[in-house]
Every structure is written in structure tokens, then in C-alpha cells.
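Undergrad: Please find the sequence and the predicted model below.
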Amino acid sequence: MLRRMVVAVVVCCAATGTACSTTEPSDELMVSDNPVAATPARSPAPQVAPSGTVTALTGTPTSLAVDAEHGVLAVAVEQPPSVLLYRLTEADTLSDPTTVELSAPARSVTVSGTGGPLLATTDDELVRISLPDGRTSTAPVEGELTSAVGFGDDTLVAVRDRKAVAVVGDDGAARTISGGLFSADQVLSTGENAVVFDRLRNAVFMLDVPGGAVDEGLRAGEGSTNAVADRFGRVLLADTRGGALLAFSVDPLLMRQRFPVPGSPYGLAYDQERDLVWVTLTERNEVVGFDVAGGEPVEKHRFSTVEQPNSVTVDPSSGRVVVASATGKGIQVIAV
């Protein structure tokens, strides 16, 4: 049954005209004096076999990414600290991985542009991993690095404990953008614009990268956890506490859609070739694919997953979806 879309326009500033961008968080975005970041719901024991194929994995995965040009799946694992580079085969199985050793566990791994490099974020270090050979170069960035994305000639890095975004140039030199954040958990590029997601404050903020400032911000549902950017210049978020998929435009910054998604949505991945956003439901051990090209999301696919499906990515060249279990139950490849 098609669910009704709730369209919302959220105003950041009070009627008095108070500016949205300040050095201290403003009351308009806060729902609690002691905010607690949302976390994934604990999965029940699976009652249905996972769809597709499942490959055993040594180590606990923290993040997944696919580079379509080289057909490489990157899996960041905690112990030993490393990024595993797999090749996706036509049989939906994984090759033996190439191991890229890291000095500390990576909290995220993303693909910068077409063909890489991969960007891995660890404590105090941005690691660039070239593809397909896995050679590394590092840039020191002080703090607890949680996310990175390419933005023009620079790399933007979310630094959670410093409540800031580092702008790292090709030469490794970094400058800092801060102000108004409780934590910097994920940074995203929509092409011309950049956004930082603050999980603790539960809000998204525009970034003025040339000006070095955090601009206006909006609340992100009741407790969002992960975000992706789509080809329409929007930012999509999983509202885990609120059980919804949110869509924000960024020019101007407005919440355009709130679509109910029962089952505690958490992991997100976007297939730009098919305009599908994949959402993991950790409360149900499922992953759902929504077409987001129209005026409201339309469910197109639903599959059973491995236990605790916290991480998901998609191969845009084939449409295959990859899900990782956060409880050691392996990596799942689903042909769509």
C-alpha cells in the first residue's frame, strides 16, 4: 500500500529574525538540554534466510563503499585495522580480498569521484587509498575523524570531537570550519554545495567552504543517523527514532519530504543510475529500495538481510546491493 507523503517546510530562525548561524547552538534546533545521538535498533535473530549470497568476514565492519569503475568493494574493519578490497564477480560472490593496513580503525570509507581514490577516516589521519592497487597516502588531521568527501579540489573531513569540518588541500594542509555544532558526524557534497550532519544535535547545516563558516541549520526529524546525497542536489536522511526517510533541498535549505519507513531505518546507500535509495531496517533485518525520482518515494524492492545490517552500499554499474552484518554474520550481495 502506498504511504502518504508528509511535506514539511521547516523554518530555522525565530520570528524575531534571529540569525541561524551563530557561534553557540540556538534553541530553535534543540529538543533536549541533554541530547543523545540516535543509534541503530538491535536486530532480532533472523527468521528468514538472507537474500542473495553471503561471504564470511573476519573482523567487524564499520563502513562499505563500491567503486564502479574498478568493480571494487571496500570494507573497513575494526580489527585488525584495515580496509579490505574485494572484487565483485558476476556470480555475486567476492574474491579473496587485498588488505590495506591502517594505523587505527576507519570509521568510514567513501569513494571520491569516479575511479577513486577511497577516503578512509581514522583518529588523526585522512587516508587516501588508490585503486585498484591499494597504495596509500596520509594527511594528518587532529581529532576523531568520522567522514570525508571530495569537494572541488579539496577534501572535507568531519571531525566529531572538535565539532568542526577540516578542509584538506592536495598538499595535505588543513584549515577548520566550526561554529554552532555539537558534533560533526558526516559531511556531504551535493556538487555546488556542502552539508554537515550533526548527529548529536540532530540537525543538518550548510557549509560556506570558501568563507570558512557554518551557515543555517535545520532539525533532522526525531533522531537521524545517516545521510546520502542524490543527483538532484538533495540530502536524504534516515530518521531512526522517527521511523522515516527525510529529504532536504539545500538551495535553499528546506525539509521537503518525510516518508514513513517502519522498522528502524539506519543504513543508507544511493544508486544514481536507477535513482534508488537503499535503506536498512535493523529492527527487521531487511533492506528496502525506494525510487526517489518522483514526487514521493515508491518502494520497489525489499529483501531479507544478514543480522544487524548496519552498513549498506550499492554498485551503480550493476545495481547489486551489498549489506554487512555488524555482529559478524558476513557480507551479503544481492542481485537486483
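TA: Alright, I've got the coordinates. Small disclaimer: the values here were computed from a predicted structure and weren't measured.

Undergrad: What average pLDDT does stretch 275-289 get?
TA: Mean pLDDT, stretch 275-289: 98.

Undergrad: and it, how far apart are its ends?
TA: Across its full length, stretch 275-289 reaches 10 Å between end residues, using CA to CA, to the nearest Å.

Undergrad: before we move on, what about stretch 242-258?
TA: First-to-last distance for stretch 242-258 - CA to CA - comes to 10 Å.

Undergrad: Buried residues in that stretch, which are they?
TA: 242-250, 253-255, 257-258 (16 or more other CB atoms under 10 Å). C-beta coordinates here come from the backbone N, C-alpha and C atoms, glycine included.

Undergrad: Among the residues you listed, which lie within helices?
TA: Using DSSP state H, the subset of the buried residues of stretch 242-258 located in helices is empty.

Undergrad: Which of those residues sits closest to Gly328?
TA: Gly243 (26.8 Å; CB to CB).

Undergrad: That closest one touches Phe259, doesn't it?
TA: No. Counting by CB atoms under 8 Å, Gly243 stays clear of Phe259, with 10.0 Å between them.

Undergrad: what residue ranges in this structure score low on pLDDT?
TA: Under the criterion pLDDT under 70, the flagged ranges of the chain are 1-33.

Undergrad: Walk me through which strands the lengthiest strand in it pairs with, and which way each runs.
TA: In the chain, assigned by DSSP state E, the strand with the most residues is strand 136-151. The strands beside strand 136-151 in its sheet (DSSP bridges) come out as strand 118-129 (antiparallel), strand 154-159 (antiparallel).

Undergrad: tell me the most buried of the ones you listed?
TA: strand 154-159 (a mean of 25; mean count of other CB atoms under 10 Å).

Undergrad: residues near Pro132, how many?
TA: Around Pro132 sit 14 other residues, with neighbours defined as other CB atoms under 10 Å.

Undergrad: Show me what the longest strand of the chain is in contact with.
TA: 100, 107-108, 110, 112-113, 119-130, 155-162, 164, 166-168, 172, 174, 184-189, 194, 209 (CB atoms under 8 Å, 6 or more residues apart in numbering).

Undergrad: Among the strands paired with strand 136-151, which comes closest to Ala335?
TA: Of the strands paired with strand 136-151, the one closest to Ala335 (CB to CB) turns out to be strand 118-129, at 23.9 Å.

Undergrad: tell me how far the closest one is from the chain's mean position?
TA: When distances are taken as CA atoms, centre = their mean, to the nearest Å, strand 118-129 is centred 15 Å away from the chain's centroid.

Undergrad: With only the CA atoms kept, save that strand in PDB.
TA: The C-alpha trace of strand 118-129 is given here as PDB (Å, rounded to 0.1, in the frame of the first residue of the first chain):
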ATOM      1  CA  LEU A 118      39.000   5.800  -1.500                       C
ATOM      2  CA  LEU A 119      38.900   8.100   1.500                       C
ATOM      3  CA  ALA A 120      39.200   6.400   4.900                       C
ATOM      4  CA  THR A 121      38.900   8.400   8.200                       C
ATOM      5  CA  THR A 122      40.700   7.300  11.400                       C
ATOM      6  CA  ASP A 123      41.900   9.000  14.500                       C
ATOM      7  CA  ASP A 124      44.100  11.900  13.500                       C
ATOM      8  CA  GLU A 125      44.500  10.700   9.900                       C
ATOM      9  CA  LEU A 126      42.900  11.000   6.500                       C
ATOM     10  CA  VAL A 127      44.000   8.100   4.400                       C
ATOM     11  CA  ARG A 128      43.700   8.100   0.600                       C
ATOM     12  CA  ILE A 129      43.700   4.700  -1.000                       C
END
